[in-house]
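[1] compute the structure for the input listed below.
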Amino acid sequence: MGSIVPFMGCMSSKNTSAKSSSSLSSGGKSMVHAWDIILKFYSLKMGHEYNAAPARKLSQSFGLDLSGSSSGNKQSLLATIGQIIGSHSQYKRSSDAKFKAFICSGLNKQKLIHWLRLILRNQTILETFYSPWSYVSKTGFDDGFKTLERLNMFVFDLQVDVAIKQFQNMNEAF
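    As a prediction, the model looks like this:
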């Protein structure tokens with residue numbers, strides 16, 4: 001059984017096309033995984049095209065990080081989602097593993113709150129995944145953001161590749 005994060009509690013049951021095989025069933029209603037919402041945002045903002053740009057590809061080939069602190073939150077978000085998709089999909093990791101990598105990366109870069117704010121305040125995301133009466137739609141998740149802001153006083157160095165590290169180590173052995 002997958003995990004559902006607190007901001008997922010008041011989902012709209014009107015969207016059937018965004019549900020994936022990793023969604024949960026609860027009392028006849030299907031719930032979308034948090035990673036599916038992130039993927040929808042990535043698609044809406046043309047993240048694949050952003051990450052496929054020649055300058056991005058060139059910087060990646062030289063191991064340069066263009067999504068550093070000097071770039072905007074949206075660019076760093078799209079770059080991070082692209083990296084997670086690229087690294088985790090080749091090993092067929094679950095939506096849970098990808099979401100955990102997203103959270104760890106956001107905490108490491110101290111951008112998690114900014115990223116979640118971008119995603120959860122996107123009108124298309126709200127209309128697609130949340131009921132008009134839901135907490136996220138009504139409040140914009142402001143109390144949640146205030147609570148999460150306490151994490152900014154800590155410096156994180158979490159492993160983003162926990163779910164794929166064993167597979168990478170196997171590839172390096174051969």
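[2] now do the helix ranked longest in the chain: which elements does it pack against?
    If each helix of the chain is counted by residues according to DSSP state H, the longest one is helix 73-89. Judged by 3 or more Cβ pairs under 8 Å, 6 or more residues apart in numbering; DSSP states H and E, the packing partners of helix 73-89 are helix 34-44, helix 47-52, helix 95-108, helix 112-120, helix 162-173. Using the backbone N, CA and C atoms, a C-beta is placed for each residue, glycine as well.
[3] show me the shaky parts of the chain.
    Scanning the chain for pLDDT under 70 picks out the ranges 1-29, 56-71, 88, 91, 162-174.
[4] still on that earlier bit, can you redo the helices and strands packed on helix 73-89 as TSV with distance to A79 and mean neighbour count?
    Below are the helices and strands packed on helix 73-89 laid out as TSV (distance: least, Cβ to Cβ, whole Å; neighbours: other Cβ atoms under 10 Å):
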stretch	distance to A79	mean neighbour count
helix 34-44	11	20
helix 47-52	6	16
helix 95-108	10	21
helix 112-120	11	20
helix 162-173	18	12
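[5] could the ones you listed go into JSON lines alongside distance to F145?
    What follows is the helices and strands packed on helix 73-89, written out as JSON lines (distance: least, Cβ to Cβ, whole Å):
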{"stretch": "helix 34-44", "distance to F145": "16"}
{"stretch": "helix 47-52", "distance to F145": "22"}
{"stretch": "helix 95-108", "distance to F145": "13"}
{"stretch": "helix 112-120", "distance to F145": "6"}
{"stretch": "helix 162-173", "distance to F145": "26"}
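[6] nearest to E127, out of these?
    helix 34-44 (11.1 Å; Cβ to Cβ).
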